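>>> Quick one: sequence plus predicted model below, questions after.
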Amino acid sequence: MAPKDQASPVEPAAEKAQASEAQGIGKALYSVAERRRRDESNWTVVQALLAPFQFLVFLISLALVVRTLTTGEGAFAADLSIVVKTLVLYTIMITGSIWEKVVFGRWLFAPAFFWEDVFSMLVLALHTTYLVMLLGGIGTMEQRLLVALGAYAAYVVNAGQFLWKLRLARLDAARTQAVPA
């Protein structure tokens with residue numbers, strides 16, 4: 001006798017998907033229309049190009065910040081790299097918001113990406129705090145760089161969130177292709 005929560009091998013695919021969704025397993029990240037809009041949008045390509053570029057800028061900046069904190073040298077280069085990282089972050093946030101509007105009909109906080117957007121706001125707030133400190137001459141160099149490191153730690157968590165969603169989207173696409181229409 002099979003357990004109740006296990007779908008029968010002869011059960012229609014649509015019923016299997018509904019049973020999985022009712023259990024909270026395998027809920028689609030995108031509706032069919034959202035997936036189509038995502039795949040047709042030029043903003044998807046923009047995000048796909050900006051994300052690895054931002055990560056490269058982050059790695060370079062992180063090395064410069066750590067160097068400055070450990071040796072006391074290269075503060076200008078570290079500050080400049082954080083400013084560049086912040087500008088790239090704002091660019092990816094603005095274009096990401098446009099992407100979200102195109103795909104989900106909302107500028108931010110679409111249900112599928114709600115927590116990623118919430119954490120992105122923290123990342124933006126920390127980067128902006130760094131800029132305010134730098135431009136306003138607030139705090140010491142070490143304090144500014146520590147704020148930058150906090151911003152970078154939040155960025156790593158946020159990047160992980162988006163990579164997880166990318167994985168879920170790929171799994172969802174594979175599952176959708178495997179289910180006969």
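Done, it's in. Since this is a predicted model, take the numbers as computed values, not measurements.

>>> Mind telling me what element residue 109 is part of?
Using DSSP states H and E, no element contains residue 109; it sits outside every helix and strand.

>>> How many residues are close by it?
16 (other CB atoms under 10 Å). C-beta coordinates here come from the backbone N, C-alpha and C atoms, glycine included.

>>> how close does the residue nearest in space to the middle of the chain sit to residue 74?
Centre of the chain computed as the mean C-alpha position; nearest residue by CA atoms, centre = their mean is residue 162, 3.4 Å away. If you measure residue 162 against residue 74 using CB to CB, to the nearest Å, the figure is 30 Å.

>>> follow-up on the earlier one: nearest spatial neighbour of the residue nearest to the centre of the chain, skipping sequence neighbours?
Nearest-residue entry for residue 162: residue 116, 5.8 Å, with adjacent residues in sequence omitted and distances by CB to CB, 6 or more residues apart in numbering.

>>> give me the number of residues near the one you found?
By the measure other CB under 10 Å, the count of residues near residue 116 is 20.

>>> Quick check, it in contact with residue 158.
Yes. Using CB atoms under 8 Å as the test, residue 116 is close enough to residue 158 to be in contact (6.7 Å).

>>> Can you list the low-confidence ranges for this protein?
Confidence mapping of the chain against pLDDT under 70 gives the ranges 1-27, 176-181.
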